[in-house]
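# Next input, structure requested:
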Amino acid sequence: VYIQPSWDTATPEQQNGAIQQMVRDGVDILLVHPLNSRAQTAAFDAAGKKGVPVILTGDIAPDSEYAVNVNTFNQG
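Sure thing, here's the model as predicted:
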């Protein structure tokens, strides 16, 4: 699966496509640093419905039934 190497050129739609492809390919788990977690909630939930856990690192998807939101705030 090709994933854009730069935040400047990547889009949530491309990330959704990569998520969908990885689920079709049979991944066991997804660790995702989402570009736009609200726009990607449908992809997260589709993966969850297929039994693929989705762990978000760096953003939250409050409307997702399946995504596990893991976010840290470094308060130096």
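
# What is the end-to-end distance of stretch 6-20?
End-to-end distance for stretch 6-20: 20 Å, by CA to CA, to the nearest Å.

# tell me the SS of residue 8?
Classification of residue 8 using DSSP: H, G, I helix; E, B strand; the rest coil returns coil.

# For burial, what's the neighbour tally of it?
Residue neighbour count, defined by other CB atoms under 10 Å, stands at 6 for residue 8. The C-beta positions use only the backbone N, C-alpha and C, and glycine is treated the same way.

# show me the contacts for it.
Residues in contact with residue 8 (CB atoms under 8 Å, 6 or more residues apart in numbering): none are found.

# What distance do you get for it to residue 35?
11 Å (CB to CB, to the nearest Å).

# Which residue ranges of the protein form strands?
Assigned by DSSP state E, the strands in the chain fall at 30-32, 54-57, 68-70.

# Lowest average pLDDT across these?
Confidence, taken as mean pLDDT, is least for strand 68-70 of the strands of the chain (a mean of 88).

# Show me what that strand is in contact with.
For strand 68-70, contacts defined as CB under 8 Å, 6+ apart pick out 53, 54, 55, 56, 57, 59, 60, 61, 62.

# which one of those residues is nearest residue 44?
Of all the contacts of strand 68-70, residue 44 sits closest to residue 54, with 4.6 Å by CB to CB.

# Tell me what that closest one is bridged to.
Beta-bridge pairing for residue 54 (DSSP bridges): residue 30.
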